[in-house]
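> one predicted model, sequence on top.
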Amino acid sequence: MCEENMTEGGGCQYGCFLLLNIEKELAEEFTRIVRERSSSTFNKWLRAAMQSKLREFVSFARGLSEDYEAVVNALRYEWSNGQLEGQVNRLKLAKRMMYGRAKFDLLRAWVLHSVQ
């Protein structure tokens, strides 16, 4: 970030501190948006991050904008597919453990038994 100023021999100049302040504000605002689930201010933050000219924030904002609907829905709704993903992961683990030893009937019985 401060490479240009460091090569001039003056150390980190005022411009670097301004960049650090912008980075700090963007990071704090994003943290607040996520913690408060504020989907209404997400667009404003996304524009600010894209226009900041800070490589890391521009890249992060670009990645978020590619999956925009999912990010906004995650902020807007308290719903999560975490429980479903956990069950799918458990089922895949069972399939790996029983691979070559069991047919579908035994796998079905194992899954149904563990649910009860």
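Structure received.
> per-domain residue ranges of the chain.
3-76, 82-115 (automatic domain parsing).
> the first one: how far from the chain's middle?
Distance, stretch centre to chain centre, for domain 3-76: 14 Å (Cα atoms, centre = their mean, to the nearest Å).
> 18 is where my numbering starts, stick with that
I'll keep to 18 as the first residue from here, and by that count the last item is domain 20-93.
> and it, average pLDDT?
Mean per-residue pLDDT for domain 20-93: 88.
> before we move on, what about the shortest one?
pLDDT averaged over domain 99-132 equals 80, rounded to a whole number.
> re earlier: give me whichever of the domains of the chain is most buried.
domain 20-93 (a mean of 13; mean count of other Cβ atoms under 10 Å). Yep, even glycine has a C-beta here, placed from its N, CA and C like the rest.
> so after the helix ranked longest in the chain, what's the next helix or strand?
Counting residues, the longest helix found in the chain (DSSP state H) is helix 31-53. Helices and strands here follow DSSP states H and E; after helix 31-53, the next one along the chain is helix 59-68.
> tell me the angle that next one makes with helix 31-53.
150 degrees (axes from the mean of the first three to the mean of the last three Cα atoms, to 10 degrees).
> which strands and helices sit next to helix 59-68?
With contacts defined as 3 or more Cβ pairs under 8 Å, 6 or more residues apart in numbering; DSSP states H and E, the packing partners of helix 59-68 are helix 31-53, helix 72-83, helix 85-93.
> in a markdown table: those helices, plus distance to residue 103.
Compiled in a markdown table, the helices and strands packed on helix 59-68 are given as follows (distance: least, Cβ to Cβ, whole Å):
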| stretch | distance to residue 103 |
| --- | --- |
| helix 31-53 | 22 |
| helix 72-83 | 25 |
| helix 85-93 | 17 |
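> right, and those helices - which one's nearest residue 125?
Across the helices and strands packed on helix 59-68, the minimum distance to residue 125, taken as Cβ to Cβ, is reached by helix 85-93, at 32.4 Å.
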